[in-house]
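1. Sequence and predicted structure below; questions after.
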Amino acid sequence: MTVPTGQNNAYVSFLQLEQEARNAPTLDALGYVFANRIRDLVPIRQAVVFTMATRTGPKVQTISDVPTPDANAPMVRWLQSMAADMQDDPKYNRLHVVDVNSWGAAKRDAALHWLPNNILWCPFLAEEGHVSGGMLIASDQALSEIERSLIENLMGAWAHAWNAKLGTWGRRRRLPLGRTTQIVAALALAVQFIPVTQTALAPAEVVAKDPVLVAAPMNGVVETVHIEPNSHVKKGDLLFSFDDTELSGQLDVAQEELLVARTSLRTARQGAFRNAERNAEVAVLETQVKLSEAERNFIHAQVQRKDIYAEQGGVAVFRDVAGLEGRPVTTGERVMLIAKPHETKLQIELPVADAVVLETGAPVRLFLDRDPLIPVDAVLAYAGYEAEVTSSGVLSYRLVATFADGTSPRIGLRGMAKIEGKKVFLFFYLFRRPLSALRQWLGV
């Protein structure tokens, strides 16, 4: 008797699928074989493999043509809810053609949205008789009796392989702890109570220590900057000058007003000899002259202050000349700093999320970006209580550390600072952030 070629190919595919199921090394590999190789036996569009024996209900193990199913995807959530409904119905404990039209309108519409109309449920029965897994087969055309018979026989072999892998995995989860494992667990628990020093890393910058602030003595516009950024200056060197065009005009007007007031006073005094009633006018004009003199002197003093000189020697710290020239400033506004280049301190911006308990005098190590292999030691001198948003947009605490004599880096260097805090148990050191996140999530 000669077997037709089509049936012969089906039998060969049947045997190959049994072989691949027996050789699959893991449960995931087995699910991949089920979902993707079933097409070699029957024409289907999609297959979905479920694990039913879980504590949280059915789980989508594998979807054909999908490497890893996303548990939060709408289709995966719908498939799991549908499998949960089938798990409670005894008729799904055997090969069953799913009649979508018998479902409610909402469930029917969802099923037709995600899958074709022809759906076959193939359960994996365990030795105890319960469904440990299953496969949903969806096709565009209804499967024939011969095709369903092939699938039913194949499901017996696949269910055996599935339960073997699932049972091994379950037994491994339930293995009792051996003596060695117990000792290792006890040591791991004891290690959690070893005291360690709590540390934090934060960006840091070397800044001037006790610099002299060069502020604008008056409202005006900076006309000329006579030095370059970060240049050395001596006491008395000219730093920058204000534009005195407006002040010169105001001084000319004030001098003219003073001249007019003096002329009016002189005229009033001469008239007072002939008319005693003008004596009161003389007193008013004398006051007007004094006011005009005061205003003239004030403007003249401002004109004299248009040139700003260095009050001490050091390095002039500012961004650039072009950013200052032509810039309007107000009285008291900072224009630049005069600092001694090697009298520096360390300014640290510690993010709130990384904050630890710090004390004055705590050790600090600075790893400069230009030389990260040679740390510079410092001591914490100040820790701010209030957090503020830094230029990088991170809410941080401001810390200040001082360098030892003779080890101060120059102004402007940046790096990463390691600050040491109090001693805590290793458990707290490792799980401080997870515990904080859990507390915020629980709201306690």
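-> Yep, that arrived. Note that the structure is predicted; figures quoted are calculated from it, not measured.
2. Tell me, how many residues neighbour Arg266?
-> Neighbourhood size, Arg266 [other Cβ atoms under 10 Å]: 13. The way it works is simple: take the backbone N, C-alpha and C, and place the C-beta from them, glycine included.
3. Distance of it relative to Val289?
-> 10 Å (Cβ to Cβ, to the nearest Å).
4. Phi first, then psi, for the residue nearest the centre of the chain.
-> Residue closest to the average C-alpha location in the chain (Cα atoms, centre = their mean): Val394, at 8.9 Å. Main-chain torsions, Val394, degrees, to the nearest 10: phi -110, psi 130.
5. For it, give me the pLDDT.
-> What the model reports for Val394 is a pLDDT of 84.
6. Skipping its backbone neighbours, what lies nearest it in space?
-> Pro351 (5.3 Å; Cβ to Cβ, 6 or more residues apart in numbering).
7. For that neighbour, list each beta-bridge partner.
-> For Pro351, the beta-bridge partners are Ser396 (DSSP bridges).
8. For it, grab the count of nearby residues.
-> By other Cβ under 10 Å, neighbour count at Pro351 equals 17.
9. so what's the closest residue to Pro341 other than its chain neighbours up against?
-> Nearest non-adjacent residue to Pro341, counting by Cβ to Cβ, 6+ apart: Val315, 4.8 Å away. Listed by Cβ atoms under 8 Å, 6 or more residues apart in numbering, the contact set of Val315 reads Asn230, Ser231, His232, Val233, Ile338, Ala339, Lys340, Pro341, Ile411.
10. Between these, which sits nearest Arg94?
-> Ile411 (81.8 Å; Cβ to Cβ).
11. Next one: the spatially closest residue to Gln16 that is not a sequence neighbour relative to Gly421, how far apart?
-> Using Cβ to Cβ, 6+ apart and skipping residues adjacent in sequence, the residue nearest Gln16 is Asp40, 7.2 Å away. The gap separating Asp40 from Gly421 is 63 Å, by Cβ to Cβ.
12. Any regions of the stretch 51-200 of the chain where pLDDT drops low?
-> Regions of the stretch 51-200 of the chain meeting the criterion pLDDT under 70 cover residues 53-55, 167-178.
13. where along it do the strands fall?
-> For the stretch 51-200 of the chain, applying DSSP state E, counting those that start in this stretch gives strands covering 59-63, 96-98, 118-125, 131-139, 195-208.
14. Need those in CSV (columns: mean neighbour count).
-> Below are the strands of the stretch 51-200 of the chain laid out as CSV (neighbours: other Cβ atoms under 10 Å):
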stretch, mean neighbour count
strand 59-63, 22
strand 96-98, 16
strand 118-125, 21
strand 131-139, 24
strand 195-208, 18
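15. Adding distance to Asp109, write the ones you listed out as JSON lines.
-> Formatted as JSON lines, the strands of the stretch 51-200 of the chain follow (distance: least, Cβ to Cβ, whole Å):
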{"stretch": "strand 59-63", "distance to Asp109": "20"}
{"stretch": "strand 96-98", "distance to Asp109": "15"}
{"stretch": "strand 118-125", "distance to Asp109": "14"}
{"stretch": "strand 131-139", "distance to Asp109": "16"}
{"stretch": "strand 195-208", "distance to Asp109": "55"}
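16. now for those strands, which one comes closest to Glu223?
-> strand 195-208 (26.3 Å).
17. helices and strands around whatever helix or strand comes next after that closest one, which ones?
-> With elements assigned by DSSP states H and E, the helix or strand that comes after strand 195-208 is strand 212-215. The contact analysis (3 or more Cβ pairs under 8 Å, 6 or more residues apart in numbering; DSSP states H and E) places strand 212-215 against strand 334-339.
18. low pLDDT regions in the stretch 251-400 of the chain?
-> The model of the stretch 251-400 of the chain has pLDDT under 70 over residues 271-280, 304.
19. That one: strands as residue ranges?
-> For the stretch 251-400 of the chain, the strands defined by DSSP E, counting those that start in this stretch cover 307-309, 314-317, 328-329, 334-339, 344-351, 363-368, 371-383, 388-389, 395-403.
20. Just give the number of residues close to the spatially closest residue to Tyr92 that is not a sequence neighbour.
-> Leaving aside its chain neighbours, Tyr92 sits nearest to Met86 (4.2 Å; criterion: Cβ to Cβ, 6+ apart). Residues lying near Met86 (other Cβ under 10 Å) number 20.
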